[in-house]
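Enquirer: sequence unavailable; structure follows:
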Ligand code: 48F
């Protein structure tokens, strides 16, 4: 026998739990912008280290560029050591393709990165667009984000945002490095130079993206393809090993910095 459900009670249940979430996550240790491979990898390791971690994603879905893979073919490629990490820490199954390359099912990778992050304690806020950063001076630092609903942003209707304070903000927005770009454009005194991504050179790009992952200024970090946009590095196309390694690296750097 079905229960009698009051429409108002449905609304109340949603509003009360959503407001509790937004209330509790208006101040976090780490706010990651973008639920692509680098952002989700970072979220897992940060949450596992006990940091209050929020991932803000403007789509209503996880995965960023993983799902589109290589021109919509249902397979992506990773290489060592990311292959080992994906297998060991996330339980993603690999198909050995030779020459050090492993094929991965993109749907499995998206699902497992998301599940592991959530189980480690990271929270995901979907359908929310990051529009700006919060900054403080003496000394200059990034202290959080200004956000609003993606639907509002798409409608082009002006509303004021709401704020999320964070000890560390991570730009994991991919090729456009949107968070670093807005911080640089609106605050020229920060002296952040966005050098722009270069053309493809896979092996060099894979190494350099991980090497240059890290702090852009106090409170602001960059991971994934956003690293290439900030530091003028080549792109690597549909090979994803460095996205995993970069996400892990940025988590390690932030864990170290927040413990100081
Ligand atoms: O693009 P994306 O997958 O970034 P990534 O983690 O990985 C790049 C690879 O997918 C691929 C590649 C390397 O093999 O070339 O492209 O660096 O994920 C970025 C996510 O950020 C979201 C966007 O919807 C996507 O899911 N995003 C971008 N800008 C914003 C944002 C924003 N302003 N607010 C909220 N989310």
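Expert: Cool, the structure landed. On a predicted model such as this, the values are computed, not experimentally measured, just so you know.
Enquirer: low-confidence stretches in the stretch 1-150 of the chain?
Expert: Flagging of the stretch 1-150 of the chain using pLDDT under 70 yields the residue ranges 1.
Enquirer: contact partners for residue 216?
Expert: Shown in contact with residue 216 (C-beta atoms under 8 Å, 6 or more residues apart in numbering): 171, 180, 183, 192, 222, 230. C-betas here are computed from N, CA, C, even on glycine.
Enquirer: on the three-state scheme, it is what?
Expert: Put simply, residue 216 is strand when judged by DSSP: H, G, I helix; E, B strand; the rest coil.
Enquirer: still on that earlier bit, highest neighbour count among the contacts of residue 216?
Expert: Using other C-beta atoms under 10 Å as the contact criterion, the top neighbour count among the contacts of residue 216 goes to residue 171, which has 32 neighbours.
Enquirer: in the stretch 1-150 of the chain, which spans are helices?
Expert: 7-24, 37-48, 82-90, 106-120, 150-155 (DSSP state H, counting those that start in this stretch).
Enquirer: which positions in the stretch 1-150 of the chain make contact with the ligand?
Expert: 33-39, 56-59, 64-66, 129-130 (C-beta under 6 Å from any ligand atom).
Enquirer: ChimeraX command to pick out the buried ones of those residues?
Expert: In ChimeraX, selecting the buried portion of those, with burial taken from 16 or more other C-beta atoms under 10 Å, looks like this:
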select :33,34,35,36,37,38,39,56,57,58,59,64,65,66,129,130
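Enquirer: quick one: neighbours of residue 175, just the number.
Expert: The number of residues packed near residue 175 is 14, by other C-beta under 10 Å.
Enquirer: I'd say it and residue 225 touch.
Expert: Yes. Between residue 175 and residue 225 there is a contact under C-beta atoms under 8 Å: 5.0 Å.
Enquirer: quickly list what residue 163 is bridged to.
Expert: Taking DSSP bridges, one obtains residue 146 as the residues bridged to residue 163.
Enquirer: and the one helix or strand residue 257 maps to, what does it pack onto?
Expert: Under the assignment given by DSSP states H and E, the secondary-structure element containing residue 257 is helix 241-259. In this structure, helix 241-259 packs against strand 27-33, helix 37-48, strand 76-79, helix 82-90, strand 162-171, helix 202-211, strand 214-217, strand 220-222, with contacts taken as 3 or more C-beta pairs under 8 Å, 6 or more residues apart in numbering; DSSP states H and E.
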